[in-house]
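In: how would this look folded up:
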Amino acid sequence: EKLSISNRRLCIVTDSNVEKLYLNEHNKKQLGAMIRWLRLQAGWTQQQLVDKVGILSLRTLISLEQGKIVKDDDIYDTLLDQFALSFNYTHPMDKHIEQMLSAMLSAYAHYDDEAMRAICIALLQSLLPYQQHVQEFFYIRILQVFTRLWTSQEYLSSKDYQLFLSCHDFLSESLQIMMEDALYQWQCTFPHNNIVLEQLYQQFHMHYHHHITRFSIGIVLHLSDKHHDYLQAFLILKECEQYELMHKDNPHALFSIYHWMSNLAIFIETQQFEFYKEKALSYMKQTSLSSHTLAIFYYNIGGCYYYQKQYAKALTCYQSSFDTKSHSPLPLLIWMCHAQFCLDKTLPACIMQKIDVQACSKALRDCWHYFILKRDGQNAQTLETYIMKTLLPVLQTLAPEFHKVYHDELKALLPLTRNYKQLLLFEEKLNLA
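Out: Here you go, the predicted structure:
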């Protein structure tokens, strides 16, 4: 059996020489992480895998999965056999695809959707004949997700998110950068967990290219949403604006810049909000934007009007965002509910059919449940108790925009509950003036 495994390490015959292939240290570190991923997906403990293989100790497997080097190449081959996979000794993959991955990253960075889809599909076609090999297996899975996302213009699913997060460390840097952007955007849009967002930013931020607009947006989002450093975020966008105006060949990038500048203007130059919004709209007409991009734009512009208490305009923008996507993120629905509330309107029943609730964190699901209780006609005391007992603890982990929604809701309940102590406690816990 050992001989048959070793025979896989054949020689590559070229025009001028014969090169023997073997597992180098980089390969082995990657394979250790891949084997761990495969084992967990199979639902096996480390001891169970050791028992199935029979040629290594538990201690060796633990070390191997942690990225430590095991000298005997046959151990890696035998472990991969358990998952019907092998290492590709005859056609090294990394050099073959890295140039195409770099081109795909460049297209992604410059918002060239057509080029990045074409390259992604070409990569898949070149890798599919080798899907029985472990590295190709992982690249194919990730590229299939990107192909689907870029074709359907949908968000990552929660399953995709877990796949990207768990596979990130053993893929090429070009692919990692695009995965990081998708991971952060998903976490920011759906669960909106501040702790996880900070962890993602700390883990990934060194990969962002500050001089490229698309990756600068991730930094801008983090500085503004999580640290409320609106001025620094705005200055980064001004640098991007100067660069893009100098090159004058990327209206999509300029649309993105003015989109986010209009959002930041609310906090640092409120009078300039409409100016930057109109600039974004002018560049919107010069390029073809996905439904995903348009939904985010209307959602954010709605948020700017919402912040200024222009609820009718906010609701119009929210409705545009809502109409653009087949499924809408839960925060959008929460803002819509509150804008309707502020205008003395009721929420249309059709909204309930367009919510991807399971993609959201428990905190956001709890926030949404309040509006379910309200829709179902629960009395004021029940609603107040739900805010104080269930929502107050989770609101402390969410952005201040969520605090305002339920602060207003609690104040609206006061004429019926007369419980001013609860309102004061709510304001004290969330540091509200």
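In: And Tyr406, which helix or strand is it part of?
Out: Taking DSSP states H and E as the criterion, Tyr406 maps to helix 400-417.
In: buried residues in whichever helix or strand comes after that helix?
Out: Downstream of helix 400-417, the first helix or strand assigned by DSSP H and E is helix 420-429. Neighbour-count burial for helix 420-429 flags 422-423, 426 (criterion: 16 or more other Cβ atoms under 10 Å). Every C-beta, even on glycine, is put in place using the N, C-alpha and C of the backbone.
In: contacts for helix 420-429?
Out: Under the contact criterion Cβ atoms under 8 Å, 6 or more residues apart in numbering, helix 420-429 has outside partners 384, 387-388, 392, 396, 406-407, 410-411, 414, 432-433.
In: try it again with 6 Å
Out: Residues from elsewhere that reach helix 420-429, judged by Cβ atoms under 6 Å, 6 or more residues apart in numbering: 388, 392, 410.
In: Now do the second one, the pLDDT please.
Out: Spelled out, it's Leu392. With respect to pLDDT, Leu392 scores 95.
In: And the last one, by the same measure?
Out: The confidence metric pLDDT takes the value 94 at Leu410.
In: need the contact list for it.
Out: Counting by Cβ under 6 Å, 6+ apart, Leu410 has contacts 387, 423, 426.
In: Endpoint to endpoint, stretch 322-335 covers what distance?
Out: 11 Å (Cα to Cα, to the nearest Å).
In: which parts of that stretch are buried?
Out: Buried residues in stretch 322-335 (16+ other Cβ under 10 Å): 322, 324-325, 328-335.
In: can you pull out the strands in this protein?
Out: Along the chain, counting by DSSP state E, strands occupy 11-13, 18-20.
In: before we move on, back to that, now, which of the buried residues of helix 420-429 sits nearest Thr151?
Out: Phe426 (45.4 Å; Cβ to Cβ).
In: which intervals of the chain have sub-threshold pLDDT?
Out: 1-21, 92-96, 205-211, 325-328, 346-359, 433 (pLDDT under 70).
In: can you do 50?
Out: Along the chain, segments meeting pLDDT under 50 span 1-20.
In: quick one on the thing from earlier: mind checking which of the buried residues of stretch 322-335 land in helices?
Out: If you go by DSSP state H, the buried residues of stretch 322-335 have 322, 324, 330-335 in helices.
In: Can you pick out the most distant pair from the residues you listed?
Out: Farthest pair in these, by Cβ to Cβ: Thr324 and Ile334, 17.8 Å.
In: tally of neighbours for Lys389?
Out: 9 (other Cβ atoms under 10 Å).
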